[in-house]
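**Student:** Following is a predicted model, sequence given first.
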Amino acid sequence: MRKYKLGSSRLQTALLPPSIDEYVSKSNPVRALDAYVDTLDLACMGVKNSQIGRRAGNIDNTFYMPGYARVDAMLKYQHKIGPSNVTFQFNVENLLDKEYMSASNGGFAFIHQVMPGAPRTFLGSVRVEV
């Protein structure tokens, strides 16, 4: 008769530990980066996934443009300088630099113009509130 190893029950409620801290040891160099990020007053950071489905390219529906997915990212940092609040924002549109068709102006049966989507684009802004 074979002997089987006994392990965790397959009926366990979670496959992963409840905290990322349980994966990263206290001596790991990534902790220095984590400590630095904690000192920043990040107002917001995020990633957006836009998914556009297949759509008609003209009003007669004689051709269709394929769907696409685009990923954008944003990072915002706020800092108080004297009496003013200063906000720095950095955006990356089309983060993965995918080629896609964004629009068409196929209003007439004999004209079919399809506009390509913008490549990876970096945008920055500074706002000062007095």
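**Tutor:** Arrived safely, thanks for sending.
**Student:** Over to Ala35. Which of the three states is it?
**Tutor:** Three-state call for Ala35 (DSSP: H, G, I helix; E, B strand; the rest coil): helix.
**Student:** got it, and Asp21?
**Tutor:** Going by three-state DSSP: Asp21 is helix.
**Student:** Look up the pLDDT of it for me, please.
**Tutor:** Looking at Asp21, its pLDDT is 72.
**Student:** and it, how far is that from Val47?
**Tutor:** For Asp21, the distance to Val47 equals 23 Å [Cβ to Cβ, to the nearest Å]. In short, each C-beta sits where N, CA and C put it, glycine included.
**Student:** ok, now Asn105?
**Tutor:** For Asn105, the distance to Val47 equals 31 Å [Cβ to Cβ].
**Student:** Please apply the same query to Val86.
**Tutor:** Taking Cβ to Cβ, one finds Val86 at 24 Å from Val47.
**Student:** Show me which of those two is the more surrounded one.
**Tutor:** Val86 (14 against 10; other Cβ atoms under 10 Å).
**Student:** how deep is Asn94 tucked in, by neighbour count?
**Tutor:** 19.
**Student:** Enumerate every residue touching the residue nearest to it when sequence neighbours are not counted.
**Tutor:** Spatially, and ignoring its direct neighbours in sequence, Asn94 is nearest to Arg120 (5.0 Å; Cβ to Cβ, 6 or more residues apart in numbering). For Arg120, the contact set (Cβ atoms under 8 Å, 6 or more residues apart in numbering) comprises Val92, Glu93, Asn94, Leu95, Leu96, Asp97.
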